[in-house]
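Chemist: sequence? don't have it. structure:
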């Protein structure tokens with residue numbers, strides 16, 4: 001399987017965010033990235049991992065009723 005790499009602009013478009021947000025993620029080391037000379041590239045798989053790490057499951061009746069009071 002071939003990895004797909006995006007530049008900062010493309011990563012922002014992929015996540016539907018601003019370039020500034022992507023640059024902040026990189027600066028804070030909150031997302032994995034690759035340096036290619038002076039260029040920064042982000043793997044699509046790493047972006048997907050970042051998004052999945054922020055996933056919040058919905059509350060269902062079953063999980064709500066099973067909660068300790």
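Modeler: Yep, it's here. A quick note: this is a predicted structure, and the numbers were derived from the prediction, not measured. Residues are numbered from 1 along each chain as shown.
Chemist: Could you list every helix and strand in contact with the longest strand along the chain?
Modeler: For the chain, the strand that runs over the most residues, judged by DSSP state E, is strand 39-43. Based on contacts counted as 3 or more C-beta pairs under 8 Å, 6 or more residues apart in numbering; DSSP states H and E, the elements that strand 39-43 packs against are strand 5-6, helix 8-15, helix 19-27, strand 34-36. The way it works is simple: take the backbone N, C-alpha and C, and place the C-beta from them, glycine included.
Chemist: how far does it sit from the chain's center?
Modeler: Put simply, strand 39-43 sits 13 Å off its chain's centre (C-alpha atoms, centre = their mean, to the nearest Å).
Chemist: Would you give the sheet partners of that strand, along with the direction of each?
Modeler: Pairing partners of strand 39-43, with direction, according to DSSP bridges: strand 5-6 (antiparallel), strand 34-36 (antiparallel).
Chemist: right, and the helix or strand after that strand?
Modeler: Scanning forward in sequence from strand 39-43, with DSSP states H and E defining helices and strands, the next element found is helix 44-53.
Chemist: center of this protein - which residue?
Modeler: residue 50 (3.0 Å; C-alpha atoms, centre = their mean).
Chemist: residues contacting it?
Modeler: By C-beta atoms under 8 Å, 6 or more residues apart in numbering, the contact set of residue 50 is 25, 30-31.
Chemist: picking that back up, tell me which of the helices and strands packed on strand 39-43 is the most buried.
Modeler: Looking across those with neighbours counted as mean count of other C-beta atoms under 10 Å, the highest average goes to strand 5-6: a mean of 19.
Chemist: just to revisit the earlier point, mind checking which of the strands paired with strand 39-43 is nearest residue 61?
Modeler: Set against residue 61 and scored by C-beta to C-beta, those come closest in strand 5-6, at 40.0 Å.
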